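1. Here is the input, now give the coordinates:
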Amino acid sequence: MFGRWLGSKNATSAAQGNPLAGLTVPRSAGVLSCRVLDPVNEAVQQAEFVVTDSAGRKVVGGETDPFGTVLATVPAGDYRLAVTAEGFTPFHGSVTVSESGHAGLGDVMLQVAAPPQLPDPGEWEIEPNHSQIGFTARHIGLARIHGRFNTFAGAIRIADRMEDSAMHVIIDASSIDTNVQMRDDHLRSSDFLDVGRYPTMEFYSDRFVHRGGSRWGVSGALTLHGVSRTVMLDTQYLGLGNGLEGETRAACRATTELHREDFTLTWQTMLARGIAAVGSSIAIDMDIQIVPKG
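-> Predicted coordinates:
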């Protein structure tokens, strides 16, 4: 509801001499702004910001522009501004916005955050009770479908140098679950996954690439429907923790996008018959926890 207001016959222009003089705002509102910089005074692009009111409710949010600028029009009042960016310590500040006023916080300097501690070298395995492999697909002409695979296992060898690590994950294709039995049976059929011929999907990687901060790229071969293709998992490492019984565990989130034609899943005969099929892109979203192999 509240964002940049670029003109209204009921609006009043900012005061002359204000750097935002060309921006018009509602009479009961004002503008808050700042510029987000790193420790060497370079703009931090695509940092996420959220403005909340005195009750903690989100009023507006977004990302910094290519110059690191935060700019938002909000009703007059007291606010909290939170700015977060990958690899930096979050910033939190208070600001009061007056009617037709400009509340400028100036330059906000983000400090580099210490990277999370990596798992110890050795053999680890996926802990399935606290992990999930999900997907989102779109019916052609219809709404999105959300699903998951309920049965999977994986082993991870953490090397002394994290970049030399490797992982192998096996997914039971028949465990696909979209909460609709008839649809799941169809997805398991020869029209789709053909689990009778291809009972598992497998992913193997021995290439871990550090992208800075807690971001990693995990590149490997995915075998699906009898076809192997190289895919890249965009991975955020979340750090180490302890389970209820005190065991050490590590966690990460990973995403990728698959194109079903790459795995010979075309299903053109279904389209010819006018049956709605899954769109060409399928988003994969994983939350994974690993524990030392017992």
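2. Check the gap between the spatially closest residue to Arg148 that is not a sequence neighbour and Met232 for me.
-> Distances taken as C-beta to C-beta, 6 or more residues apart in numbering put Gly134 closest to Arg148, at 4.4 Å, once the chain neighbours are dropped. Where you see a C-beta, it was placed from the backbone N, CA and C, and this is true even at glycine. Per C-beta to C-beta, to the nearest Å, Gly134 is found 18 Å from Met232.
3. can you count the residues close to the nearest residue to Ile145 once chain neighbours are set aside?
-> Excluding the flanking residues, the one nearest Ile145 by C-beta to C-beta, 6+ apart is Ala137, at 4.9 Å. Neighbour count of Ala137, defined by other C-beta atoms under 10 Å: 20.
4. and Ala137, what element?
-> For Ala137, the host element (DSSP states H and E) is strand 132-138.
5. Spit out the contact partners of Gly154.
-> 125-126, 167-170, 288, 290 (C-beta atoms under 8 Å, 6 or more residues apart in numbering).
6. Any idea which helix or strand in the chain has the lowest mean pLDDT?
-> strand 11-13 (a mean of 38; mean pLDDT, DSSP states H and E).
7. Next secondary structure after that strand?
-> Reading on from strand 11-13 to the C-terminus, the next helix or strand found by DSSP H and E is strand 24-26.
8. Sheet partners, orientation included, of that next one?
-> Partners of strand 24-26 in the sheet, by DSSP bridges, are strand 11-13 (antiparallel).
9. re earlier: would you check that the residue nearest to Arg148 makes contact with Asp285?
-> Yes - using C-beta atoms under 8 Å, Gly134 makes contact with Asp285 at a distance of 4.9 Å.
10. starting at the chain centroid, how far to stretch 95-106?
-> 32 Å (C-alpha atoms, centre = their mean, to the nearest Å).
11. Between the two ends of it, how far is it?
-> End-to-end span of stretch 95-106 (C-alpha to C-alpha, to the nearest Å): 12 Å.
12. Identify each buried residue in it, please.
-> 95, 97, 100-105 (16 or more other C-beta atoms under 10 Å).
13. Give me the mean pLDDT for that stretch.
-> For stretch 95-106, the mean pLDDT works out to 91.
14. in its sheet, what does the longest strand belonging to the chain sit against?
-> Under DSSP state E, the strand in the chain containing the largest number of residues is strand 227-242. Applying DSSP bridges, strand 227-242 is found paired with strand 215-224 (antiparallel), strand 248-259 (antiparallel).
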